[in-house]
Every structure is written in structure tokens, then in C-alpha cells.
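Student: Need coordinates for the following:
(chains A and B)
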Amino acid sequence: MEVLLFGLIAEKAGADRIQLDASSLDQLRALLSARVEGLAQMSYAIAVDRRVVQNDMPFTGAEEIAVLPPFAGG
Amino acid sequence: MMSEAKPHRKRDIFVEGAIAPSFIADNIAKHATRHDIGAHEIFLGQVRADVIDGRSVDAIEYTAYADMANEQMTAIREEAFTRWPEMTCLHVHHSLGTIKAGELCFFVFASASHRQQAREAVAYVTDEVKKRLPIFGKEVFTEGGHVWKQNL
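Tutor: As a prediction, this is how the structure comes out:
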């Protein structure tokens, strides 16, 4: 699946979208930590279909996944 | 899918570049034909030349997850119209791209029959946008380098 990256996280990964094969949110977190250096020490949220989710959930592969660093609007 | 029954349609709040003071003036002028309005309230966000570890902010480069931000904005808009039913209109605009210190990057504009509703709605919408919209800001220093802004 394609994972959208933003802001500081896109900068750390050197890309604003990456391909990862995760079957659940927890697996995605693990794959992201391996792929994006220093992610474990960073504050970030994961959005599934444009909503921030916290608890583990299965993925079908059709979801729109995004990794969001702290917001800074305004 | 968006429900067609929603009274307020989904809009795109993002504009490329700074918000011009003339755009704000034009927006106010457009409301002259609405004679049910008795009060306008406006919040304007301006890029501040913060000094961080001896370096000063020259500009903020804004990016956003626009689809999610606009969906969140639609939700905030619904909440505001429910809480302040006397509000007649609400306009929100946020910049993307490089906005220099001193330029405007955020415009919240509510109109209502009386001031209290407009005032409270603008305060609420401004705070919720800062909290809930996935907008990211890279603070670029005059001396070179950058840090990523974070709303508290």
C-alpha cells in the first residue's frame, strides 16, 4: 500500500510517499519505524481514510494511509 | 461520500501564498447586501519573526494534507453552525507555500445578527483549526536552516 508522509516525517524519509505492505496498524507502525530513521522518538499520528486512529485495526489494503507530524496551522 | 443533506457544502480553505489585505476588505464588502447581519468578527494569523536559538524566522513554508484538512474543516463548520445558530456565514482561508514574516496566513471571518455569536464562533473555529487540521509549517531562518513549527 502507498503511505503518504508529511512535513518533518517526509523530510526524514526523503519522500512524500512510500510503499509498505502492512496488514494492520500495529504492523504499519513497526514497518515505519524501520523505514524512517528516528521515528520512534518523534511525535506523530496515523490517519486512516483521513481520520486519526490510535487503536490497532486490520487493513484491507484499500485504505488511504497518512503519517502526520504535529500540526502547525494558523 | 459526502451527504447531500448537509446544509453547508464542502469547500477548499487553501490559497497559494499570503492572504492579501485587499482580499479581506473585498470579503467584508461582499456582505453589505446581507441586512440580517449586525456583527462581523475576524481573526487574522500573521507570520511572526520568532528568534529560535539566535536565528530569526524569515518565512514559514506551509504544506497540508488538504483532503483531510478540508474534511475536518467541514466538521468544524457544522459544529459552529449548530452551536451558534444566529451565525449567518463563516469563511476560513489558510495559506500554502512560503509566507514571509509580516504576511497573513490565516483568515477566519464570521458574521451574525449580534456580536456575541460571531465572537464566540471565531474563537472556537480558530482554536479547532489549529488543533485538528493537518497543516505543517517549516520555519525557515534568515541565517539558513529551518525547524518544524508545532502548535501547542
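
Student: Would the lowest-mean-pLDDT helix or strand in chain B count as contacting chain A?
Tutor: One helix or strand of chain B scores below all others by mean pLDDT, DSSP states H and E: strand B:51-52, with a mean of 93. No. Figure legend: strand B:51-52 not in contact with chain A (CB under 8 Å from any CB of the partner chain); closest approach 13.7 Å. For glycine as for every other residue, the C-beta is placed from the backbone atoms N, C-alpha and C.

Student: Name the next helix or strand downstream of the helix or strand residue B:105 falls within, please.
Tutor: Using DSSP states H and E, residue B:105 sits in strand B:104-112. Downstream of strand B:104-112, the next assigned helix or strand under DSSP H and E is helix B:115-132.

Student: got a list of contacts for that next one?
Tutor: A:71, A:73-74, B:38-43, B:72-73, B:75-77, B:79-80, B:83-87, B:90, B:92, B:94, B:106, B:108-112, B:151 (CB atoms under 8 Å, 6 or more residues apart in numbering or on different chains).

Student: what's the angle from the strand holding residue B:105 to helix B:115-132?
Tutor: 140 degrees (axes from the mean of the first three to the mean of the last three CA atoms, to 10 degrees).

Student: Which other helices and strands does strand B:104-112 contact?
Tutor: Contacts defined by 3 or more CB pairs under 8 Å, 6 or more residues apart in numbering or on different chains; DSSP states H and E place strand B:104-112 against helix B:21-29, strand B:39-46, strand B:87-100, helix B:115-132.

Student: right, is the first one up against chain A?
Tutor: No. Using CB under 8 Å from any CB, no contact is recorded between helix B:21-29 and chain A, whose separation bottoms out at 16.0 Å.

Student: Next, the angle strand B:39-46 makes with that helix.
Tutor: Using the same axes, to 10 degrees: helix B:21-29 against strand B:39-46 is 160 degrees.

Student: Using PDB, list the CA coordinates for helix B:21-29.
Tutor: Extracted in PDB, the C-alpha atoms of helix B:21-29 (Å, rounded to 0.1, in the frame of the first residue of the first chain):
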ATOM      1  CA  PRO B  21      -5.300  42.600   3.000                       C
ATOM      2  CA  SER B  22      -7.300  43.600  -0.100                       C
ATOM      3  CA  PHE B  23      -8.900  40.100  -0.200                       C
ATOM      4  CA  ILE B  24     -10.100  40.600   3.400                       C
ATOM      5  CA  ALA B  25     -11.500  44.000   2.500                       C
ATOM      6  CA  ASP B  26     -13.300  42.600  -0.500                       C
ATOM      7  CA  ASN B  27     -14.700  39.800   1.600                       C
ATOM      8  CA  ILE B  28     -16.200  42.300   4.100                       C
ATOM      9  CA  ALA B  29     -17.600  44.400   1.300                       C
END
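
Student: helices and strands around it, which ones?
Tutor: strand B:39-46, strand B:104-112.

Student: list the contacts for the residue nearest in space to the middle of chain A?
Tutor: Centroid check for chain A by CA atoms, centre = their mean gives residue A:67 as the closest residue, at 3.0 Å. Counting by CB under 8 Å, 6+ apart, residue A:67 touches A:3-6, A:9, A:32, A:36, A:44-47.

Student: All set now, cheers.
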